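1. here is the input, now give the coordinates:
(chains A and B)
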Amino acid sequence: MSARHPVITGLGIVSAAGFGVEEVWRAVATGTGGLKPLTLFQSPRYGQNPTGEIQRDLIALGAPTRASRSDKLGWLAARDAIADAGIDLAKTGDRAGIILGTSVGGSYDSELFLTTLIKRGKMRARATRFHECSSTLDLIAEQFGLYGPGMALATACSSSALAIATAAEMIMAGEADVMLTGGADSLSRMTWGGFHSLLLVDAAGCRPFDVTRAGMSHGEGAAMLVLESEESALRRGAKILARLSGWGTSCDAYHATAPHPQGAGATAAMQSALRRAKLEPSAIGYVNAHGTGTRDNDLAEAIALKTVFHNRVPPFSSTKRIFGHSLAASGAMEAVVCVQALRHQALPPNPGFSKCDPTIGLEPVTESRHAPLAHVMSNSFGFGGNNGVLIFSKAETAQHTRAPGKVQVAVGGLGVIGPGVVTVKEITAPLPPGRGPVFSCGTLADTAMLTPNQRRRQSRLQQMALITARKSHAPDATQRVSVSIGTGLGCLEDAGAFIENLITKDEREPMPSRFPNSVHNSPASQVAIDQAAMSMNSAPTVGEVTFECALWLGMSQLAIEEADCSLVGAADEVDKYLLSIGQRWGAWNDQIKPGEGAVVASLARAEKTAVPLARVTAVRLGRYRTPFNAETEADWIASIVDLSQVDVFLSGAKGFQKLEPMYQAVAAALSKRAGKAVEHQTYKQFCGEFHSASAFGFSLAVNLAREQQRGVLLYTLSQRGAKALCLVQP
Amino acid sequence: MQISTHELKSKIIESLKLQDITPEQIDDDAPLFGTGLGLDSIDALELVVLLEKEYGIVIKDIEEGRPAFRSVRTLADFIAVKRPQ
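-> Residues are numbered from 1 along each chain as shown, chains lettered A, B, ... in the order given. Below is the predicted model:
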């Protein structure tokens, strides 16, 4: 038995059906729904359709005030999970990290900003401070002291399943001993109006798998798991609640919103999780289905279940009517349900179901009942065909999950859409009128590479990702390809236009084709469709270290042999709101200018790369402490890379002022430590300041390694505490 | 009242941002979805918005619209029947 097997030692959950693991389990076991008429905001058109809304005072429960609604939900669940695990995080040094699934992020709060701006002409930019999906992660990591690897993944409704899988991967790879992992998402006007515009909401409340089902119900919430290596749990005498014995991911590479009609991606993800756990399908005693209640999802999922389990489908149920569909949080909330099912040896029922759908031909569990359970499975599927499947096992079972091997990774291709300097006026009319230049990509060249449908339907951000991916890698049906394309702020233009339209037209004339573009994984999933890339598909979003997270994910897929090729990259775009909010905060000046662009690199095992541009020999994520100490950082770098291999220190300096002295100090400390002058180079003077800028740093590093045969250390800090390094060598 | 299929085609082209295509190139009876124009389920939802905005027809269940979305002609007939007078 490997000491690195991930086990679960703590749980926390906040939901419309209850707060805390016990209260939630009582609701689940009795099938008592949390759906009530919506009160959080006014919906002129869609009214108060049944919703899993949390109607308790989050501040009174202890949540921080300076945070978005999603942040508050996540914080409460994190506090409870850490207390449940009884872990003293101060003793973990930088061996405890955090990976969260978030999709809505601070949208609910940013919508208040937009409403005030549009309806009253007042700019209250403070509400947008917690807009980013990584805000929840930064808040929790900072407050509870999680200095290990950190990542937020935004793959819509499968986000937290992917987050939990990635956290397990981190532990198996030995990069952390403890990971706080899960997800948080609040209700928002955008997702409310969005799913309604897709005609996917059941006005009677969702009825998963029922013959009369007519759509989903919205929900919100958060759930967190303390995942820990078995060795770490045993060392500190922690109670092991359950094991995470398998996890699998896949991408349909089929459509932006619709699942593959035969459930091909869902099938692949379930099979991958079983392989990882070294379990036969017959070992699974219960499946917590994704079961949203939409006609297409439930049918495709049922077909996939029949395929995976050879028509002997174990007892299954959807708990979506209990919580509502809490989007990025749902995978983590259902993980809590699965762990509790194992602990109580009981099957959760499927409220909302009364009559079998003959096209499905399967009946879910209708009443809670005792059952001997050793292994249970949880399915989560999201927009863009992003699938994540987790297998939980009883604490007493033997675990056979295999550890990843070490691989040499080479860059085989690189696609870059770089900015040229243009004036603000050339982007879109900013509010209020902006001054000075912006590093904009302007009108995209190379759109001839795109299909007519990609040109008419995909936003500029997706088009940038599609073009750079094509330049880095030609679609190849013989390869298993994974895609990790991160974004700091996502598709600002389409998300902004969608919300603006909801507000100005009171939800009339919605924009159904813009909504799917608003999820952060839309560039990654569009690339997957274009490249027929059916291995893991993910969209990390972690401020300035977003690209390095994508790089970590792509390299991990190669190490565990789930992909032959990994497309890794990042993309961000400028829009009028970003310009005007940045202006209000005084972010832009003569030295610091907003930028945008996209970079995608194709990675493969070095021995399988015919003409390697460069090798990537290290990538690591972490968090710096305050006050910042350059010597500590030099220690961290020296503990990961051989400094004799480093000729150039490539940093994100010449961007935001706050980070400037930190970068300069680390550059000096590193030269001292290496006993030689390590040249300090920067890239933001070429591309401007934006979250994906370090992807440009990476493309520069690849070129330096290739043209000048020099080893380049790319070192990046985020304004909110994250850090990352990567070593690129000839 | 029957509407002109030419007018309807222009509106479809505009609403779906169809590129390099004129109303004359769309056959009244050709299937709108699956083949030909390469439209998908999200385009169908845009047509739902178009029907409401231009003709005051509200569709709450996409199944309701499915027979109407077969071709431009079936859509024109649907509008003629359902349009509020």
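
2. spatially nearest residue to A:Phe383 (excluding sequence neighbours)?
-> A:Ala156 (3.9 Å; Cβ to Cβ, 6 or more residues apart in numbering or on different chains). To be clear about C-beta, it is placed using only N, CA and C from the backbone, and glycine gets the same treatment.

3. tell me which residues touch that neighbour, please.
-> A:103, A:327-328, A:382-384, A:386, A:519, A:521 (Cβ atoms under 8 Å, 6 or more residues apart in numbering or on different chains).

4. of those, select the buried ones using a PyMOL command.
-> To isolate the buried subset of these in PyMOL, counting by 16 or more other Cβ atoms under 10 Å in any protein chain shown, use the following:
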select buried, chain A and resi 103+327+328+382+383+384+386+519+521
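
5. just put the contacts of A:Ala156 in JSON lines and tack on secondary structure.
-> Shown next, in JSON lines, are the contacts of A:Ala156 (DSSP: H, G, I helix; E, B strand; the rest coil):
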{"residue": "A:Ser103", "secondary structure": "coil"}
{"residue": "A:Leu327", "secondary structure": "helix"}
{"residue": "A:Ala328", "secondary structure": "helix"}
{"residue": "A:Gly382", "secondary structure": "strand"}
{"residue": "A:Phe383", "secondary structure": "helix"}
{"residue": "A:Gly384", "secondary structure": "helix"}
{"residue": "A:Asn386", "secondary structure": "strand"}
{"residue": "A:Val519", "secondary structure": "coil"}
{"residue": "A:Asn521", "secondary structure": "coil"}
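
6. any idea which of the contacts of A:Ala156 is closest to A:Ala528?
-> Closest approach to A:Ala528 among the contacts of A:Ala156 (Cβ to Cβ): A:Gly384, at 7.1 Å.

7. return the residues of chain A in contact with chain B.
-> A:197-199, A:214, A:255-258, A:452-453, A:455-457, A:508-513, A:516 (Cβ under 8 Å from any Cβ of the partner chain).

8. and A:Tyr378, that's in a strand?
-> You called it Tyr, but residue A:378 is Ser. Yes - A:Ser378 sits within a strand when classified using three-state DSSP.

9. who does it form a beta bridge with?
-> With DSSP bridges as the criterion, A:Ser378 is bridged to A:Asn288, A:Leu390.

10. I'd like to know how many residues surround A:Val24.
-> 27 (other Cβ atoms under 10 Å in any protein chain shown).

11. could you pick out the buried ones from the residues of chain A next to chain B?
-> A:197-199, A:214, A:255-258, A:453, A:455-457, A:510-513, A:516.

12. tell me the residues of chain B that contact chain A?
-> So chain B meets chain A at B:16-20, B:38, B:40-43, B:45-46, B:48-49, B:52-53, B:59-62 (Cβ under 8 Å from any Cβ).

13. nearest spatial neighbour of B:Arg73, skipping sequence neighbours?
-> B:Asp28 (4.5 Å).

14. how many neighbouring residues does A:Val641 have?
-> Neighbours of A:Val641 (other Cβ under 10 Å): 19.

15. buried sites along stretch A:106-119?
-> A:106-117.

16. and what of stretch A:275-284?
-> A:276-277, A:279, A:281, A:283-284.

17. returning to that earlier point: measure the residue nearest to B:Arg73 to B:Thr5 for me?
-> According to Cβ to Cβ, to the nearest Å, B:Asp28 stands 5 Å off from B:Thr5.

18. between those two, which contacts overlap?
-> B:72-73.

19. of those two, who's got more company?
-> B:Thr5 (20 against 14).

20. who's in contact with that one?
-> B:28, B:72-73, B:76.

21. turn these into CSV, including pLDDT.
-> Compiled in CSV, the contacts of B:Thr5 are given as follows (pLDDT from 0 to 100):
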residue, pLDDT
B:Asp28, 93
B:Val72, 95
B:Arg73, 95
B:Ala76, 96
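
22. so which of these is the closest to A:Gly711?
-> B:Val72 (62.2 Å).

23. least confident secondary structure element in chain B?
-> helix B:62-65 (a mean of 89; mean pLDDT, DSSP states H and E).

24. could you measure from the single nearest residue of chain B relative to chain A over to B:Lys53?
-> Using Cβ to the nearest Cβ, the single residue of chain B nearest to chain A is B:Leu45, 3.7 Å away. According to Cβ to Cβ, B:Leu45 and B:Lys53 sit 13 Å apart.

25. higher neighbour count, the two?
-> Between B:Leu45 and B:Lys53, counted using other Cβ under 10 Å, the more crowded position is B:Leu45 (23 against 14).

26. and A:Gln399, how close does it get to A:Leu162?
-> From A:Gln399 over to A:Leu162 (counting by Cβ to Cβ), the distance is 21 Å.

27. go on, A:Thr401?
-> Relative to A:Leu162, and taking Cβ to Cβ, A:Thr401 is found at 17 Å.

28. with neighbour numbers in mind, choose between these two.
-> Between A:Thr401 and A:Leu162, A:Leu162 has the larger neighbour count (other Cβ under 10 Å), namely 33 against 22.

29. does that one touch A:Ala152 like I think?
-> No - using Cβ atoms under 8 Å, A:Leu162 is not in contact with A:Ala152; the gap is 10.6 Å.

30. shared neighbours of those two, which are they?
-> Common neighbours of A:Leu162 and A:Ala152 (Cβ under 8 Å, 6+ apart) are A:Gly101.

31. turn the buried residues of stretch A:106-119 into CSV, columns for secondary structure, distance to A:Thr617 and pLDDT.
-> As requested, the buried residues of stretch A:106-119 are exported to CSV (DSSP: H, G, I helix; E, B strand; the rest coil; distance: Cβ to Cβ, whole Å; pLDDT from 0 to 100):
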residue, secondary structure, distance to A:Thr617, pLDDT
A:Gly106, coil, 36, 96
A:Ser107, helix, 38, 96
A:Tyr108, helix, 42, 97
A:Asp109, helix, 41, 96
A:Ser110, helix, 39, 95
A:Glu111, helix, 44, 96
A:Leu112, helix, 46, 94
A:Phe113, helix, 43, 93
A:Leu114, helix, 45, 94
A:Thr115, helix, 49, 94
A:Thr116, helix, 49, 93
A:Leu117, helix, 47, 92
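
32. from the residues you listed, which is closest to A:Val542?
-> A:Gly106 (14.6 Å).

33. which residues touch that closest one?
-> Counting by Cβ under 8 Å, 6+ apart, A:Gly106 has contacts A:68-71, A:128-132, A:135.

34. for it, which non-adjacent residue is closest in space?
-> Closest to A:Gly106 by Cβ to Cβ, 6+ apart is A:Ser68, at 3.5 Å.

35. count of neighbours near the one you found?
-> So A:Ser68, with other Cβ under 10 Å, has 29 neighbours.

36. for it, give me its contacts.
-> By Cβ under 8 Å, 6+ apart, the neighbours of A:Ser68 are A:105-106, A:108-109, A:130-131, A:135-136, A:186.

37. any idea of the pLDDT on A:Ser2?
-> We have a pLDDT of 63 for A:Ser2.

38. revised request: answer the last question for A:Val424.
-> pLDDT, read off for A:Val424, is 45.

39. and residue 10, what element?
-> Here I'm looking at chain A. A:Gly10 is located in strand A:6-15, with elements delineated by DSSP states H and E.

40. sorry, I should have been clearer: chain B.
-> helix B:5-15.

41. beyond that helix, next helix or strand please.
-> helix B:41-55.

42. what angle sits between that following helix and helix B:5-15?
-> Relative orientation of helix B:41-55 versus helix B:5-15 (axes from the mean of the first three to the mean of the last three Cα atoms, to 10 degrees): 120 degrees.
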